[in-house]
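> quick one, what's the 3D model for this:
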Amino acid sequence: MVHIISNLSLGGAQILLLDILKNLNRDGQMEIKVICLDSGEFVKNFIDNGIDVIDLKEKGLLNFKILFKLKKILKNTNPDIVHTHLNKADFYGRVAAKQSGVKHIFSTCHNYSSHHEGADINSISLFDRIDNAVIKYSDSYIVAISEIVKQFIINRDSNFKNRTEVIYNGIDVSKEVFVTSDESRRTLRKSLNINEDDFVILISGRLEKQKGHLFFIKSMQNILKSKKNIKLLIIGDGNLKEEIIDLISEFDLNEFIILTGFLKNTEVYIEICDMVAVPSLWEGFGLVILEGMIKRKPVLASNVGGIPEIIEDGINGYLFESENEKSLQEKFLNLYVAISEYKNEIDFIKKNAMITLKDKFDISKNSELYRQLYYRKLKLNL
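Purely as a prediction, here's the structure:
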C-alpha cells in the first residue's frame, strides 16, 4: 500500500495519516510506504514510527516532474492500493496510479474546499471541476472526514454518492493522561509570563484566514482588557502572522496575547490552558477540538462545517454563531463564569466530551474502518 500526500508539514491531514498508519502497521500485515511530494518538518515523525517515507522534494502545483517520478516509483513497487491526501497529491497521485495500472485508488477529502471564500459547499470552483474529472478518470473511491465534507463531494456530482463514505478523524484516547506534572505546568506558565491565577484561552492552528484569529482578537479585545487576568495563547505560524501582530499592537493587547510560533508538540500547552477556542470560519472537521477534549478542557467553537458533528452545544462543549461577535462574547463570558463558579456544569461537559471521543473519535477504532474498507475493496477476509 502506498499513501501519497502533498507535504508533511504539521497539520490535521498529516497527523491523521500518521495515526492511521501507526494503527494499521501494528500487526505487520500491511506493507506501507508514504510518498511525500514536498517535504515538511513532520517527515521525521513518520520515519521514527517505522514508516518508509520517500520525499520527492518537488515544489509548485504545475510541476509534471512529480507525475513522472510517481509513475516510476509505482511501477517499481506495484502496490495493490494507492491512497492520496490533499489537493496536489490527489491530482498527481490519482493520475500516476491510474497510468501505472493500480487497481484500487482512494483519496481522503480533508476539507470542503478552501479555494472559494467561506468554502460554500454549494459552490463549485474550477479546481473542483478538475478534481471531479480526475476522480472519474482514475475511478477513485473517496473517504470524507465528516458528513458535511461528504455532502460537499456529492454536491459537486451526485454520481459520487456511491463512491464516498465517511470515516471520522480520531485521536489516541491514551492522551487523556497528562504528560506534565503540576510543577512543570507552573514552570511552563511562568516561562510564558502567565500567572498561576490567570485564565488561559488557547487557539492552535495555522495562522490563516480560515482559522478565524483576526475575528477572535477583534471580538475579544474589550473582554481581555476589562478582565485583566485573561491570557490568549496562540500557537502556530502562517501568512497572517504579521497582520495578527499588527492587530495586537493596534488594540494595545500585547500584555494579554502570547504568540508562540510553530510548535511540534502542543500537548503540554493544552495541559496548561483553561479552555480551547476554535473560531474557524470554515472547517471540515477540527482535530484541535479532540485535542482539547482529551485533556478535559472545555471547547468553545464556531458552529461551522464539521464542528457541530463533534460538539453538541451545552452537552459536550460550546458553540457560537460563526463570525458573530455578540454570540462569541456571550458564550465566552458564560463559560468563563461556569469554570470558576459552576464546577458541576463543567464536569458534566468534560464527562460527556470523553464519552463522545471514545464512542466516535477513537483513532484505533476509526483506523480499523480504513482496514475494513481496504479489505472489502480487495475482496479479502479480515
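
> and for stretch 369-382, what's in contact with it?
Stretch 369-382 is touched from outside by M1, I20, L24, D80, I81, H104, F106, Y141, V143, E165, I167, with contacts defined as C-beta atoms under 8 Å, 6 or more residues apart in numbering. No exception for glycine: its C-beta is placed from N, CA and C like everyone else's.

> helices of the stretch 201-350 of the chain, start to end?
213-227, 241-250, 267-271, 287-294, 325-341, 343-360 (DSSP state H, counting those that start in this stretch).

> report the angle between the second one and helix 213-227.
It refers to helix 241-250. 20 degrees (axes from the mean of the first three to the mean of the last three C-alpha atoms, to 10 degrees).

> elements contacting helix 241-250?
helix 213-227, strand 257-261 (3 or more C-beta pairs under 8 Å, 6 or more residues apart in numbering; DSSP states H and E).

> can you list contacts of it?
L207, H213, L214, I217, K218, I234, N254, I257, L259.

> if any of these are buried, put those into a PyMOL selection.
The PyMOL selection below is limited to those of the contacts of helix 241-250 classed as buried (16 or more other C-beta atoms under 10 Å):
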select buried, resi 207+213+214+217+234+257+259
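
> put together a markdown table for the contacts of helix 241-250, with pLDDT on each row.
Shown next, in a markdown table, are those (pLDDT from 0 to 100):
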| residue | pLDDT |
| --- | --- |
| L207 | 95 |
| H213 | 97 |
| L214 | 97 |
| I217 | 98 |
| K218 | 97 |
| I234 | 98 |
| N254 | 96 |
| I257 | 97 |
| L259 | 98 |
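
> of the contacts of helix 241-250, closest to M30?
L207 (36.2 Å; C-beta to C-beta).

> re the thing from before, quick one, which of the helices of the stretch 201-350 of the chain is packed in tightest?
Across the helices of the stretch 201-350 of the chain, averaging neighbours per residue (mean count of other C-beta atoms under 10 Å) puts helix 287-294 on top, at a mean of 25.

> tell me the angle that helix makes with helix 343-360.
Using the same axes, to 10 degrees, helix 287-294 lies at 120 degrees relative to helix 343-360.

> gap between helix 287-294 and the chain center?
10 Å (C-alpha atoms, centre = their mean, to the nearest Å).

> for it, what is the average pLDDT?
In this model, helix 287-294 has a mean pLDDT of 96.

> which elements pack onto that helix?
Using 3+ C-beta pairs under 8 Å, 6+ apart, helix 287-294 sits against helix 12-24, strand 199-204, helix 267-271, strand 275-278, strand 299-302, helix 343-360.

> as CSV, the helices and strands packed on helix 241-250 with distance to V149 would be great.
Formatted as CSV, the helices and strands packed on helix 241-250 follow (distance: least, C-beta to C-beta, whole Å):
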stretch, distance to V149
helix 213-227, 23
strand 257-261, 29
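
> circling back to that earlier point, for S181, find the nearest of the helices of the stretch 201-350 of the chain.
Of the helices of the stretch 201-350 of the chain, nearest to S181 by C-beta to C-beta is helix 267-271, at 9.9 Å.
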